[in-house]
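Model the structure of this input:
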Amino acid sequence: MSKFKGFFCLIMAAEIALLLLCNGLYLYEKDSDRGRLYRVEANRIVREMRDRKLTEEEIISYDLSAYQTIVGIRAFSMAEVCNHDYVVEDIDGKLYRIEYRADQNYRPLFYMNGALLFMMFLTGAVLFYVYRKVLKPFHAMSGLSYELAKGNLSAPIKEERSKLFGRFLWGMDMLREKLEDNRERELEFQRERKTLILSLSHDIRTPLSSIELYSRALAENLYETPEKKEEALQGIRRNAGEIKKYVEEIVAASREDFLNLEVENGEIYLSEILRETERYYRDRLAVIHTEFKVEDCGECLLKGDKNRLIEVLQNLMENAIKYGDGKRICLSCEEEEDCKLLHVENSGNSLKEEELPNLFDPFYRGGNSQGVKGNGLGLYICKTLMRKMDGEVFAQVSDGKFQVTVVIRKA
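Next up, the predicted model:
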């Protein structure tokens, strides 16, 4: 803010200096000999009279209607009193008094000063508006993102009536409330999951204790008959099965629903999805010299969430950029009964085919992910979103290419 105030003062000082400089130059030019009209006209008359060799009578009676400031010409006499300003010039060896009326027209100076003052006022008004409506509100909310990044979600954001930032602040407050709600839901979910895991862990102890007792009895030969020993072995198998079931429930509780992926299904046109994807990636891929081909898929009304479908394609495009060889990416379509199939294919596949069944699991990363940043959630998110939109997604490898297909229901 202090820098802007300094800049404002510097601009105003420069304009004031310009105003004074223009006035000074105008007055200097006006007061100089070449800037005085009467001097110009007097020199012109003298030059004409010398060239034409006029007599004294002709000089005194010379027609002055063509001159704005010259009012008369008389033979010069020291004793004669003159009511006009005059200059004395020598014409053919005799002195003449050339009388003139000084030009006092300051109208151009007035117009110039008016224009400069108006520009100064306009500049000041614009800078003041920028300060009040842009810089001051922006300075006041400059700490919002920092507070949100720190996790301070409880304090509401002060409203701003400015047309420039009113909607932005409203959106920031909505984001803050959304983050706060998500955090509360996440904490509640973590609490419920922790309770479930503790409960299942407690339930495991009962069959585990039974297995321990059976094992000890078998180790100490407490069972005398083969029937008793077989019964103990069956008890161990039964309790091991229960433990396995509890472990599967713990694993499921640890992996499922850790992302809140909401979907609002509706009807969208295929061209909108492809146009948004192509618009985002066309220039980006051109910069890295990757060929990007988008086939003509025609028009089709699809069932799903527009934003989520775009998110799915963006995830697949990001994977194609990260794990491909950077030579070529193709986006194509295919018809299949009541579905539309979108294919995202990249060249340079190094993924093994046996890895495909696990590729859509959360946190799973293939053998081609070494040295590439990621968390193994992209394809899992794609699959989860597509299933919530009554669709599907799968992957396949062939001829050194990796292709992911998105199955979307037609409306």
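
C-alpha from now on. contacts and neighbour counts both.
Noted.

And for Thr290, nearest residue in space, chain neighbours not counted?
Spatially, and ignoring its direct neighbours in sequence, Thr290 is nearest to Lys327 (4.9 Å; Cα to Cα, 6 or more residues apart in numbering).

how close does that neighbour get to Asn349?
Applying Cα to Cα, to the nearest Å, the value for Lys327 to Asn349 is 11 Å.

ok but Gly367 is inside a strand, no?
No - assigned with DSSP: H, G, I helix; E, B strand; the rest coil, Gly367 falls outside any strand and is coil.

tell me the contacts of it?
Each residue near Gly367 by Cα atoms under 8 Å, 6 or more residues apart in numbering is listed here: 350-352.

And Arg282, how close does it get to Gln314?
Taking Cα to Cα, one finds Arg282 at 12 Å from Gln314.

quick one, which of these two is more surrounded?
Neighbour count, other Cα atoms under 10 Å: between Arg282 and Gln314, Gln314 has more, with 18 against 15.

Check whether Glu80 sits in a helix, strand or coil.
Glu80 is classified as coil under three-state DSSP.

wait, Tyr96
Under three-state DSSP, the three-state class of Tyr96 is strand.

distance of it from Phe292?
For Tyr96, the distance to Phe292 - Cα to Cα - is 92 Å.

Please apply the same query to Leu377.
Distance, Leu377 to Phe292, by Cα to Cα: 25 Å.

Then Leu54?
91 Å.

same deal with Leu37?
74 Å.

cool, Glu99 as well?
Counting by Cα to Cα, the gap from Glu99 to Phe292 is 87 Å.

next one: Met49
Taking Cα to Cα, one finds Met49 at 86 Å from Phe292.

And those two? Which one has more around it.
Of the pair Met49 and Phe292, Phe292 is the one with more neighbours under other Cα under 10 Å, namely 20 against 17.

which one is the more buried one nearest to, not counting chain neighbours?
What sits nearest to Phe292 in space, not counting adjacent residues and going by Cα to Cα, 6+ apart, is Ile329, at 5.1 Å.

again, but for Asn239
Pro207 (4.8 Å).

what's the helix or strand for that neighbour?
Using DSSP states H and E, Pro207 sits in helix 166-219.

Double-check that the residue nearest to Phe292 belongs to a strand.
Yes - counting by three-state DSSP, Ile329 is found in a strand.

quick one: low-confidence parts of the stretch 201-350 of the chain?
For the stretch 201-350 of the chain, the stretches with pLDDT under 70 are 202-203, 251-260.

in the stretch 251-400 of the chain, which spans are strands?
266-269, 291-294, 301-304, 328-336, 339-347, 392-398 (DSSP state E, counting those that start in this stretch).

Can I get those strands in a markdown table including distance to Gly366?
Formatted as a markdown table, those follow (distance: least, Cα to Cα, whole Å):
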| stretch | distance to Gly366 |
| --- | --- |
| strand 266-269 | 33 |
| strand 291-294 | 24 |
| strand 301-304 | 29 |
| strand 328-336 | 20 |
| strand 339-347 | 16 |
| strand 392-398 | 13 |
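
Among those, which comes closest to Val81?
Taking Cα to Cα, strand 291-294 is the member of the strands of the stretch 251-400 of the chain nearest to Val81, at 96.8 Å.

Restricting to C-alpha, output the closest one in CSV.
As requested, C-alpha coordinates have been extracted for strand 291-294 and formatted as CSV (Å, rounded to 0.1, in the frame of the first residue of the first chain):
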residue,chain,number,x,y,z
GLU,A,291,0.9,-35.0,-31.0
PHE,A,292,-2.7,-34.7,-29.8
LYS,A,293,-5.4,-36.2,-32.0
VAL,A,294,-9.1,-35.9,-31.2
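
can you pull the buried residues of that strand?
Neighbour-count burial for strand 291-294 flags 292, 294 (criterion: 16 or more other Cα atoms under 10 Å).

Show residues contacting it.
With contacts defined as Cα under 8 Å, 6+ apart, strand 291-294 is touched by 278, 282, 285-286, 327-332.

List buried residues within those residues.
278, 285, 328-332.

Closest to Leu18 out of the residues you listed?
Nearest member of those to Leu18, counting by Cα to Cα, is Leu285, at 50.5 Å.

Show the contacting residues for the closest one.
291-292.

Relative to Val294, how far out is it?
Taken as Cα to Cα, the span from Leu285 to Val294 is 12 Å.

before we move on, back to that, the residue nearest to Asn239 against Glu242, yeah?
Yes - in this structure, Pro207 is within contact of Glu242 by Cα atoms under 8 Å, at 6.9 Å.

May I ask you to confirm that Phe76 is in contact with Leu95?
Yes - using Cα under 8 Å, Phe76 makes contact with Leu95 at a distance of 5.5 Å.
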